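> 3D, please:
(one chain, ligands or ions: 2)
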Amino acid sequence: MGAIRLDRLEKWFEALQVIKGIDLEIEDGEFIVFVGPSGCGKSTLLRMIGGLEEISRGKLVIDGRDVTSDPPSKRGLSMVFQSYALYPHMSVRENMGFSLKTAGAPKSEITEKVDDAARILKLGDYLDRRPKALSGGQRQRVAIGRSIVRDPTAFLFDEPLSNLDAALRVEMRYEIAKLHQTLGRTMIYVTHDQVEAMTLADRIVVLEFGTIAQVGTPRELYERPANLFVAEFIGSPA
Ligand code: ADP
Ligand code: MG
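Ligands and ions are numbered 1, 2, ... in the order given. So this is what the prediction gives:
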């Protein structure tokens, strides 16, 4: 469960090619981080994996199954965005359980799964609140909780912490690392923050104009950057 293979993935927006033939094997349970400067294609690549952006060419395989043309709902993945996109008129409990309710899950199952996720995310005391009565960090936890209840084979995060202040970012980074340990699920995490990448990743994928500049563990990238672009981005000593 949770192994993902990208096979020469390409994305064209009309005449503009933004993803230029990306090959990558992600292992089950791995924490993979996509880094690179703004506009290099991180979000586009993540959205292609999640099914929110059509794949122009190439193949996407999840657990041995070709899902290249499958809609998001059939991929077994769940995406967490930078903007939490919570429903303002619903309580935390309703927000977290909504996708299960829509899918027709029994009430007892929804309650149990929401309670489990709330325990992991320390949201137990906030389940009856509306999003506007929560802090930024708590809202982001609810957004993550919404993903957890769906029990995805992999989590996709697009800069989930970039709307938080510096102190909260550090705290949530730690929470996300813990979440990965607890759930043991594959996580694909997009950020432009090198420190976040270095602390969270099993492996980092450095993107440069829609191609992979280098893939490796944080240590490999730091000690043996493939080129100046990677060295400067990772902050290796010159
Ligand atoms: P990143 O997340 O790394 O900042 P993006 O994946 O958002 O980069 O964007 C990569 C490139 O694709 C950028 O040049 C961006 O302008 C372009 N792009 C993204 N979405 C669209 C779209 N819907 N239509 C046209 N161009 C797009
Ligand atoms: Mg982006």
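
> list the contacts for Arg185?
2, 29, 152-155 (CB atoms under 8 Å, 6 or more residues apart in numbering). Just so you know, the C-beta spots here come from the backbone N, C-alpha and C atoms, and that holds for glycine as well.

> who does the longest helix belonging to the chain touch, helix- and strand-wise?
When the chain is parsed with DSSP state H, its longest helix is helix 166-183. If you count contacts as 3 or more CB pairs under 8 Å, 6 or more residues apart in numbering; DSSP states H and E, helix 166-183 packs onto helix 107-120, helix 136-148, strand 186-190, helix 194-200.

> can you give the contact residues for that helix?
So helix 166-183 is contacted by 31, 120-121, 135-137, 140-141, 144, 148, 157, 160-162, 164, 187, 189, 193, 196, 199-200 (CB under 8 Å, 6+ apart).

> between strand 186-190 and it, find me the angle.
160 degrees (axes from the mean of the first three to the mean of the last three CA atoms, to 10 degrees).

> and the contacts of Arg185 as TSV, adding secondary structure, distance to ligand 1 and neighbour count?
As requested, these are exported to TSV (DSSP: H, G, I helix; E, B strand; the rest coil; distance: CB to the nearest ligand atom, whole Å; neighbours: other CB atoms under 10 Å):
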residue	secondary structure	distance to ligand 1	neighbour count
Gly2	coil	23	20
Gly29	coil	25	16
Pro152	coil	21	20
Thr153	coil	23	17
Ala154	strand	19	26
Phe155	strand	17	25
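
> farthest-separated two in those residues?
Gly29 and Pro152 (12.9 Å; CB to CB).

> near ligand 1 at all, the worst-scoring helix or strand of the chain on mean pLDDT?
When the helices and strands of the chain are scored by mean pLDDT, DSSP states H and E, helix 228-234 comes last with a mean of 90. No: using CB under 6 Å from any ligand atom, we find that helix 228-234 stays clear of ligand 1, coming within 12.3 Å at best.
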